[in-house]
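Student: after the sequence you'll find the predicted model.
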Amino acid sequence: MAVAHATPRGYLERPRPSGLADVIDVILDKGLVIDAYVRVSLIGIEILTIDARIVVASVDTYLRFAEAVGRLDIAQDDQAAGLPDLMESITSGGAESKTKGALEGAKEKLFGDDDDDSDDDDEKDGSSRRRSSSRSGSSRSRSGSSSSRGSNGRSSRSRKES
Amino acid sequence: MTPAGSLVYVYGVLPAEEAASASETGVDGRAVRTITQEGLAALVSDVHGDALAAAREVRAHWRVLEEASKHATVLPVRFGTVMEGEDHVRRELLEHDADRLGSLLRELAGRVQLSLKGDYDEDALLRDVVARSPSIAALRDRVRDTPAAAGYYDRIQLGEMVAAEVARRHEEDERSALAHLQPLAVRARAEPPSSNAQAFNLAFLVERDGVEDFGRAVAALGDQVAERIRIRYVGPLPPYSFTDIERSAGGEAWV
C-alpha cells in the first residue's frame, strides 16, 4: 500500500475512516427499524434528526478550522513557516468566527445556551466529558413528535439499482 | 407509563459469539452492554425517559457501532430506538426476529459498507452545460441582454433547461459509476443526491477481502472523472444501508 500511496491518486485507493459528518445521513436514515409495536420510540426522531444534521455539519466545519489553526501553531514554532501557511490561517480564522456564530446558534437551539459542551466536536479523545448540565428545556420540548417516519420511511429514500 | 429507568437504547444486533465487552460510552453517557438470546446479542445501554439531545447522542451511537464493528458483524439499528426494558429486547427483538436477524447477519458476515460520494464543481458544471448546449447558450445570451422584468419567463425557461441538463448528467454519472464499481461489490445502492452539486451518492457492500481491489477501481474512476467530479470515499462502515435487504428463498432479493 505504501507504493500505492505514493501515486498522485493514491488517496482514493483506500477509503477514509469515517468522520461523523461523512456518515450522518446513513446513521439517521438507515439501519434496522424495529417494529413500532415493540419499541418505545425513536426519540422524537423527525425533528431531532433535522437539528442533528445541522449541528453535526456545523461542528464538522468548526473542526476543520480548528485543525487548520492547530497546523498554524506548529508552523509558527517552526521558523520555516511561509506566507502560504500564514495566509491559510488568517483566512481560516476569519471564516471561523463566522461559522462559529452559526454553530453557537444551532447548539443553543439544541442544548440550551450553556457553554460547556464543546466536547461535542471532539472525535479523537473518546471524550468522556460528556454529560453535564446541558440537558435543558429547549431540547426536551422538541421530543415526543411522532415516530412514524421511522417505520415507513426506511426504503422511501433509496432505490434499488440494477 | 413505563417507569423511568427501565428503558434501554438499542444500537445494533450481532452474533452472540462475536459480542465482546464494549468500551465505548453510549448515549446519555451510560455504559454499553449486551443482552443475549437465541445466539444473538443486542448492544444496548440504559436510558431515561427524558429527551436526548440528538446531535450529541448521534455521535455516541456512531462510536458504539464503529467500535463494535471492528471485531464483529453488526446490524446497526436505526438511531434513536428505545425499547421497554431488557426483557423486551430479549423477547420482542432477539427471540421474535431471530430468524430474520440471524440470516441477515450471515449474509453480512465478512462484508463492509463503503460509501462513495461524488461532488461536482458547480461553476465548472454550469459552464460546461452552457458550453455544450447551443440552445441554452442562446437563451442565456438573450436573458442576459433583457431587463429582469421583461425576461421573466425566459429566465424560468432557462433555469428549467439547465436543471434538466444537470439532472441528465447526474443520471449519467451515477449510472457509469455504478457500472464501473458494481461488479466488485456484493450489493450496491444509489441514494438520491443531497444537492444539485452532488453527482452521485452510492453505498456498496463489499467483501472485506475485496476492499483493496475495490479501492483500485475507485481510484481509476476518480481518474476518469477528475476534471469534473471530486470523490469522497469513506469506510469501512457497519452495513447501515443494507439492513433492509429483503430475503427471498435461495437467492438475491434484488440485483
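Tutor: Cool, the structure landed. Residues are numbered from 1 along each chain as shown, chains lettered A, B, ... in the order given.
Student: which stretches in the stretch 101-250 of chain B count as strands?
Tutor: B:111-120, B:187-190, B:198-207, B:229-237 (DSSP state E, counting those that start in this stretch).
Student: ok, the shortest one near chain A or not?
Tutor: This means strand B:187-190. Yes. Under the criterion of Cβ under 8 Å from any Cβ of the partner chain, chain A is reached by strand B:187-190 at B:188, B:189, B:190. All C-beta spots, glycine's among them, are computed from the backbone N, C-alpha and C.
Student: roughly how far out does that strand sit from the chain middle?
Tutor: With Cα atoms, centre = their mean, to the nearest Å as the basis, strand B:187-190 stands 10 Å off its chain's centre.
Student: in its sheet, what does that strand sit against?
Tutor: Next to strand B:187-190 in the sheet, as set by DSSP bridges, lie strand A:159-160 (antiparallel), strand B:198-207 (antiparallel).
Student: just the first one next, same as before
Tutor: Strand B:111-120 sits in its sheet next to strand B:198-207 (antiparallel), strand B:229-237 (antiparallel), going by DSSP bridges.
Student: burial of residue B:142, as a residue count?
Tutor: Applying other Cβ atoms under 10 Å in any protein chain shown, we find 13 residues neighbouring residue B:142.
Student: burial check on the residue lying closest to it once chain neighbours are set aside, number of neighbours?
Tutor: Sequence neighbours aside, residue B:154 is the residue nearest to residue B:142 in space, at 6.2 Å (criterion: Cβ to Cβ, 6 or more residues apart in numbering or on different chains). Residue B:154: 14 surrounding residues under other Cβ under 10 Å.
Student: on that earlier part again, and the strands of the stretch 101-250 of chain B as a markdown table, adding mean pLDDT and mean neighbour count?
Tutor: What follows is the strands of the stretch 101-250 of chain B, written out as a markdown table (pLDDT from 0 to 100; neighbours: other Cβ atoms under 10 Å in any protein chain shown):
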| stretch | mean pLDDT | mean neighbour count |
| --- | --- | --- |
| strand B:111-120 | 93 | 23 |
| strand B:187-190 | 94 | 22 |
| strand B:198-207 | 94 | 22 |
| strand B:229-237 | 91 | 20 |
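Student: just for chain A, where's the confidence low?
Tutor: Low-confidence segments of chain A, defined by pLDDT under 70: A:1-11, A:36-162.
Student: can you give me the helices in the stretch 1-150 of chain B?
Tutor: B:54-71, B:86-88, B:98-108, B:122-132, B:134-144 (DSSP state H, counting those that start in this stretch).
Student: what's the most buried one of these?
Tutor: helix B:54-71 (a mean of 23; mean count of other Cβ atoms under 10 Å in any protein chain shown).
Student: now the angle from that one to strand B:229-237?
Tutor: Angle between the axes of helix B:54-71 and strand B:229-237 is 70 degrees (criterion: axes from the mean of the first three to the mean of the last three Cα atoms, to 10 degrees).
Student: which helices and strands sit right next to helix B:54-71?
Tutor: With contacts taken as 3 or more Cβ pairs under 8 Å, 6 or more residues apart in numbering or on different chains; DSSP states H and E, helix B:54-71 sits against helix A:20-29, helix A:45-77, helix A:83-111, strand B:8-15, strand B:40-46.
Student: quick one: mean pLDDT over it.
Tutor: Averaged across helix B:54-71, the pLDDT comes to 85.
Student: do the same with stretch B:36-50
Tutor: Per-region confidence: stretch B:36-50 scores 84 on mean pLDDT.
Student: which residue is the nearest non-sequential neighbour of the spatially most central residue of chain B?
Tutor: By Cα atoms, centre = their mean, the mean C-alpha position of chain B lies nearest to residue B:241, the distance being 5.0 Å. Closest residue in space to residue B:241, ignoring its immediate chain neighbours: residue B:203 at 4.0 Å, by Cβ to Cβ, 6+ apart.
Student: and if you look at residue B:232?
Tutor: Per Cβ to Cβ, 6+ apart, closest to residue B:232 is residue B:117, 4.6 Å.
Student: and the one you found, how far is that from residue A:17?
Tutor: Using Cβ to Cβ, to the nearest Å, residue B:117 is found at 15 Å from residue A:17.
Student: same thing with residue B:12?
Tutor: As for residue B:12, its distance to residue A:17 is 19 Å (criterion: Cβ to Cβ).
Student: ditto for residue B:141
Tutor: Taking Cβ to Cβ, one finds residue B:141 at 48 Å from residue A:17.
Student: possible to save the strands paired with strand B:111-120 as a markdown table with distance to residue B:146?
Tutor: Output for the strands paired with strand B:111-120, formatted as a markdown table (distance: least, Cβ to Cβ, whole Å):
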| stretch | distance to residue B:146 |
| --- | --- |
| strand B:198-207 | 32 |
| strand B:229-237 | 33 |
